[in-house]
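*Asks:* Coordinates for the following, if possible.
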Amino acid sequence: MHKLIALLASLVAVLAGFPSGFGQCYTLPSPDSNEVRIFAQDVCGSVDNNPPNPTVFTIDQSRTITKIGTYHWNNGQGTQAPGTIGLQDQSGKIYGPWQAFGQPGMGGVPNANWIATIQAGQDLHAGTYKVLDSDPSTWAYNSESDNSGVVSVVGLDVGSSNIGQAPCAGEGATDLSTASPTDQYRAGPILVPGSYKIWYGKRTGTQIGQPDNWNTKPVDLLDGKFYVFDVSTGDFSSTSPQMVNPMLSNPTLGESVVWYKTSTQYAYVICIEGPMNKENEGTQFAGSWKMHGHQTGFNDWEADLVLGKDGTLTWTETKGANVGATRAGTWQFDGATFIMNWVSPGGGQTKWTSQSVTKDNIGDGTYIVENAPGGSWSATRVAGGF
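*Replies:* Numbering: from 1, shown residues only. This next block holds a predicted model:
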């Protein structure tokens, strides 16, 4: 009898160290229908804290990362609040870090699963990447993970489209052929200052104006400046006239000039959507939207949002802790930042912001609440209303 009790106690101790529950060896998040798990350690045994080895993974082709999860069992204590997860490439460049939200582990361990959702996706080139966790002291590892942190990396399935289709796909898209290393820069459009969305994708087929997969990049253009968009990396930055050729297109007040740095290996397709400035903000954003997001340390939620042309808004929670609750407030857009304000049910002021907006998508948003935790959110326009 004593031997049986000891055996059961040992079994309980072993199970208590499983990272995600018996029979579930990968940490969250799980891939959606258009996603695949790009990397994860098959860790099923008991775990310790503070991995001694760096946590790295390698991809052999360009991929779009959409979610990253790390596990923080922390001897069954979990964590008080999730931190951030980022990536670092071999050159030292940092991607993110992105704020994670928490999900309980086995037995309800609080915030054992950290999940960072990258709404617009992060494009990565082939190479090796190091995972950066803001709290390595509670990050789980064991010998099955080669003494590196337990992590799961999820991305778009190869060939699946990212966030729909570009508005000028096939018509009006700029098709950039490959360039020599000494002549990579091409003059792009002259645009009014404002907030834009650049759609870009590598074209390995023969159909002009059609990439194999669209990616997106939100950008803000200021008055009288040169910009360069690197089609190979998705990087967008202001530049000096010495890098490009100001004789061809010198921006004046009320103009911005975008140049393209073309690839030396592949043809690329570019499409610029916008502008979304104050003159057309009502027609750009007014209408019905579906929101979803996460409240830090608490729950995921969904809601129906209606934006009025007069700058007023209402939204009703359809999933989460306050289903049926309705809020009313105001919204505005200054050409770069989308802002919503209202008074929360508890009486505190709330402010929601996003700098990644188009007429049909609002992504990578955050919100703060005066008397409660804030979180992250995004929204998608609903065609024809709810």
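*Asks:* okay, CA-based contacts and neighbour counts for the rest of this
*Replies:* Noted.
*Asks:* and residue 107, that one's in a helix?
*Replies:* Yes: assessed by DSSP: H, G, I helix; E, B strand; the rest coil, residue 107 belongs to a helix.
*Asks:* give me the number of residues near it?
*Replies:* 10 (other CA atoms under 10 Å).
*Asks:* Offset the numbering so it begins at 837, please.
*Replies:* Let's use 837 as the start, then, which means that last one is residue 943.
*Asks:* mind checking how far it is from residue 1165?
*Replies:* According to CA to CA, to the nearest Å, residue 943 stands 40 Å off from residue 1165.
*Asks:* Show me the longest strand that occurs in this protein.
*Replies:* strand 949-960 (DSSP state E).
*Asks:* in its sheet, what does that strand sit against?
*Replies:* Take DSSP bridges as the rule and strand 949-960 pairs in its sheet with strand 899-907 (antiparallel), strand 937-939 (antiparallel).
*Asks:* Give me the buried positions along the longest one.
*Replies:* Under the neighbour-count criterion of 16 or more other CA atoms under 10 Å, strand 899-907 has 899, 900, 901, 902, 903, 904, 905, 906, 907 buried.
*Asks:* do the last one as well
*Replies:* With burial defined by 16+ other CA under 10 Å, the residues of strand 937-939 counted as buried are 937, 938, 939.
*Asks:* Throw the residues you listed into TSV and include pLDDT and distance to residue 866, thanks.
*Replies:* Shown next, in TSV, are the buried residues of strand 937-939 (pLDDT from 0 to 100; distance: CA to CA, whole Å):
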residue	pLDDT	distance to residue 866
937	88	14
938	87	14
939	86	13
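*Asks:* what's the closest of those to residue 1215?
*Replies:* residue 937 (17.7 Å; CA to CA).
*Asks:* List just the nearest of the buried residues of strand 899-907 to residue 1004.
*Replies:* residue 900 (21.5 Å).
*Asks:* ok, and the closest non-adjacent residue to that closest one?
*Replies:* Among residues not flanking residue 900 along the chain, residue 959 sits closest, at 4.3 Å (CA to CA, 6 or more residues apart in numbering).
*Asks:* contacting residues around the residue nearest to residue 1136 when sequence neighbours are not counted?
*Replies:* Distances taken as CA to CA, 6+ apart put residue 1130 closest to residue 1136, at 4.3 Å, once the chain neighbours are dropped. Neighbour list for residue 1130: 937, 1136, 1137, 1211, 1212, 1213 [criterion: CA atoms under 8 Å, 6 or more residues apart in numbering].
*Asks:* Using neighbour counts, trim the residues you listed to the buried set.
*Replies:* Of the contacts of residue 1130, these count as buried by 16+ other CA under 10 Å: 937, 1136, 1137, 1211, 1212, 1213.
*Asks:* ok, which pair from the residues you listed is furthest apart?
*Replies:* Farthest pair in these (CA to CA) is 937 and 1137. Separation: 12.4 Å.
*Asks:* shared neighbours of these two, anything?
*Replies:* Common neighbours of residue 937 and residue 1137 (CA under 8 Å, 6+ apart) are 1130, 1131.
*Asks:* Determine the number of other residues adjacent to residue 977.
*Replies:* Residues lying near residue 977 (other CA under 10 Å) number 30.
*Asks:* wait, doesn't it sit right on residue 911?
*Replies:* No: between residue 977 and residue 911 there is no contact under CA atoms under 8 Å: 11.6 Å.
*Asks:* any shared contact partners between the two?
*Replies:* 884, 885.
*Asks:* May I have the residues that are in contact with the residue nearest in space to the middle of the chain?
*Replies:* With distances taken as CA atoms, centre = their mean, the residue of the chain nearest its centroid is residue 954 (1.8 Å). For residue 954, the contact set (CA under 8 Å, 6+ apart) comprises 901, 902, 903, 934, 1200.
*Asks:* Could you check the angle the host helix or strand of the last one makes with strand 949-960?
*Replies:* What that stands for is residue 1200. Assessed by DSSP states H and E, residue 1200 sits inside strand 1197-1205. If you take axes from the mean of the first three to the mean of the last three CA atoms, to 10 degrees, strand 1197-1205 sits at 140 degrees to strand 949-960.
*Asks:* List the neighbouring strands of strand 1197-1205 plus their orientation.
*Replies:* Counting by DSSP bridges, strand 1197-1205 is paired with strand 1185-1190 (antiparallel), strand 1192-1193 (antiparallel), strand 1208-1217 (antiparallel).
*Asks:* Around the residue lying closest to residue 935 once chain neighbours are set aside, how many other residues sit close by?
*Replies:* The shortest distance from residue 935 to any non-neighbouring residue, by CA to CA, 6+ apart, is to residue 920 (4.5 Å). Residues lying near residue 920 (other CA under 10 Å) number 18.
*Asks:* again with residue 1141
*Replies:* Residue 1141: 24 neighbours (other CA under 10 Å).
*Asks:* Confirm for me that it is in contact with residue 1152.
*Replies:* Yes: the pair residue 1141 / residue 1152 is scored as a contact, 6.7 Å apart, by CA under 8 Å.
*Asks:* Domains in this protein, by residue range?
*Replies:* 838-992, 1010-1111, 1115-1217 (automatic domain parsing).
*Asks:* could you pull out the helices for the protein?
*Replies:* Secondary structure of the chain by DSSP state H: the helices cover 838-852, 1117-1121.
*Asks:* Least reliable of these by average pLDDT, please.
*Replies:* Mean pLDDT across the helices of the chain is lowest at helix 838-852; the value there is a mean of 39.
*Asks:* For the stretch 1087-1222 of the chain, give me the ranges with low pLDDT.
*Replies:* Across the stretch 1087-1222 of the chain, the ranges flagged by pLDDT under 70 are 1111-1120, 1146, 1171, 1180-1183, 1219-1222.
*Asks:* Show me the strands in it, by range?
*Replies:* Remark: strands assigned in the stretch 1087-1222 of the chain by DSSP state E, counting those that start in this stretch are 1092-1097, 1103-1109, 1123-1131, 1136-1143, 1148-1155, 1162-1169, 1174-1179, 1185-1190, 1192-1193, 1197-1205, 1208-1217.
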